[in-house]
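> Generate a structure from the sequence data that follows.
(chains A and B)
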There are 2 protein chains.
Amino acid sequence: MTEHSMVKQERAARTRDALIRSAAEVFDREGFPVASLAAISSLAGVSNGALHFHFANKAALADAVEEAALTRLLAVTDAVLPLGASRVQLLVDVTHGIAGALRGDVVLRAGFELSGEVSRVPRVDLREQWRRWVEETLEQAAAGGELRPGVAAGDAGGAVVAATVGFEVLGARDAEWLSASTVTRFWGLLLPTLVPAALLADLEVGGTHPL
Amino acid sequence: MTEHSMVKQERAARTRDALIRSAAEVFDREGFPVASLAAISSLAGVSNGALHFHFANKAALADAVEEAALTRLLAVTDAVLPLGASRVQLLVDVTHGIAGALRGDVVLRAGFELSGEVSRVPRVDLREQWRRWVEETLEQAAAGGELRPGVAAGDAGGAVVAATVGFEVLGARDAEWLSASTVTRFWGLLLPTLVPAALLADLEVGGTHPL
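Below you'll find the predicted structure:
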């Protein structure tokens, strides 16, 4: 590849990223159905023609926002754990990480919001991906003896998924729902019913490290 | 008032109700921004002119859907309690009642959905009304000694509001989230951490009576 074509390719990738970010901002602010391609290309600082070179239509942009959001979600959930590390602590840490990311990262936020958009079929359903990860993690916690006897992983997963989707949706109008304090108080309430008393003291409801 | 004008007035009220219900159905199916007045008047079986006689525009229809939804919400929350009745049991019963109503009542469902619609300012914010009711009820529960020492009513309220809004949002794609079983399992998990052990045995996680 010549130097010239590499420069062109890099510039194209930067333009594509800028369009995805601008689309996320306009979707987040105005909603997907109302968002106009003109507003998106203008915010990205490119022409309408450049937008159409990268994306055939608004649905293609929404697909790209969802894919970029999934990459960000996986960056938070795909932690490498030391052998024997607590799955429940991982779940607490990851919910803190996602709440923080939803506060600051418009691409992740728009990706989650597109999950609930009735006027289109999601390509990557972020809320569904999140549900699967929470349920798998709680099943691993149960298998590792981290859940109280009598607590079904599925029941715990339902409560955690519903509450975190609630934080995400309510957080769009009032960011307090996505604060570290809200997430910490949620776990402070839920953990005593979720894990055996002997494990409770070792868990940090505020999260153990920034994700 | 003459009999003729009474008949006319009743017919007008029926048409207005039919338009509100049709608007709720179209908002619920297609989303508020995409919904067309033509689809709403056609579903209600009235002319576009009749729609405009009652509602100046789509925003006015959304306001009317929210008001009708609030009436339905209040019909569930405004239970008259016997002296000394458990506020926590009321909360359990009302969440069952609302989940059931969200499954079957498109006006209530569309009213809640309009709460999260970024393209308009809600006139009656149903999720906010729900939040206030849950928090007041839990404060009354705390005042009546129904919460475990160390459990803050505000923390409990945050968890209950977030989870129920999560059920509502996720239920739009998968009605299982609004099933009696989902709500029962949520309370089965949460109640042991919420109320003193001595009160737990008297509480029915499945609800005590149809609301």
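
> who's in contact with the most centrally placed residue in chain A?
The centroid of chain A falls nearest to A:Leu73 when counting by C-alpha atoms, centre = their mean (4.4 Å). When the contact criterion is C-beta atoms under 8 Å, 6 or more residues apart in numbering or on different chains, the partners of A:Leu73 are A:98, A:108, A:111, A:126, A:129-130. Backbone N, C-alpha and C define where each C-beta goes, glycine included.

> What strand or helix carries A:Val46?
In this assignment (DSSP states H and E), A:Val46 forms part of neither any helix nor any strand.

> do A:Leu203 as well
Secondary-structure assignment from DSSP H and E places A:Leu203 in no helical or strand segment.

> likewise A:Leu74?
Short version: A:Leu74 belongs to helix A:58-77, going by DSSP H and E.

> Checking A:Gly207 next. Helix, strand or coil?
Three-state assignment for A:Gly207 (DSSP: H, G, I helix; E, B strand; the rest coil): coil.

> Which residue is the nearest non-sequential neighbour of it?
Spatial nearest neighbour of A:Gly207, chain neighbours left out: A:His96 (3.9 Å); criterion: C-beta to C-beta, 6 or more residues apart in numbering or on different chains.

> that older thread, roughly how far does the residue nearest to the centre of chain A sit from chain B?
From A:Leu73 across to chain B, the span is 17 Å (C-beta to the nearest C-beta, to the nearest Å).

> And A:Ala38, by the same measure?
In this structure, A:Ala38 and chain B are separated by 17 Å, where distance is defined by C-beta to the nearest C-beta.

> Would you mind giving the secondary structure of A:Arg123?
For A:Arg123, the assignment made with three-state DSSP gives coil.

> so how far is chain B from it?
As judged by C-beta to the nearest C-beta, A:Arg123 and chain B stand 14 Å apart.

> before we move on, what about A:Ala64?
Distance, A:Ala64 to chain B, using C-beta to the nearest C-beta: 20 Å.

> do the same with A:Arg87
A:Arg87 sits 17 Å away from chain B when distances are taken as C-beta to the nearest C-beta.

> List the residues that contact that residue.
With C-beta under 8 Å, 6+ apart as the criterion, the residues that contact A:Arg87 are A:81, A:137-138, A:140-141, A:144, A:146.

> One more pass at 6 Å, please.
Contacts for A:Arg87 (C-beta atoms under 6 Å, 6 or more residues apart in numbering or on different chains) come out as A:137, A:140-141, A:146.

> Highest neighbour count among the residues you listed?
A:Ala141 (24 neighbours; other C-beta atoms under 10 Å in any protein chain shown).

> what does chain A have sitting close to chain B?
Taking C-beta under 6 Å from any C-beta of the partner chain as the measure of proximity, chain A contacts chain B at A:31, A:33-34, A:116, A:118-119, A:155, A:158-159, A:162-163, A:165-167, A:169-170, A:185-186, A:189, A:192-193.

> Quick one: mark the members of those that sit in strands.
Secondary-structure check on the residues of chain A next to chain B using DSSP state E: no residue lies within strands.

> In PyMOL, how would I select just the buried ones from these?
Buried residues among the residues of chain A next to chain B (16 or more other C-beta atoms under 10 Å in any protein chain shown), as a PyMOL selection:
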select buried, chain A and resi 31+33+34+116+118+155+158+159+162+163+165+166+167+169+170+185+186+189+192+193
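
> Which residue ranges of chain A form helices?
Read by DSSP state H, chain A holds these helices, from start to end of the chain: A:3-30, A:37-44, A:48-54, A:58-77, A:87-104, A:106-115, A:126-143, A:153-171, A:180-194, A:197-200.

> contacts for stretch A:169-188?
Outside stretch A:169-188, the residues that touch it by C-beta under 6 Å, 6+ apart are A:92, A:95-96, A:99, A:102-103, A:167, A:205-206, B:116, B:155, B:159, B:165, B:169.
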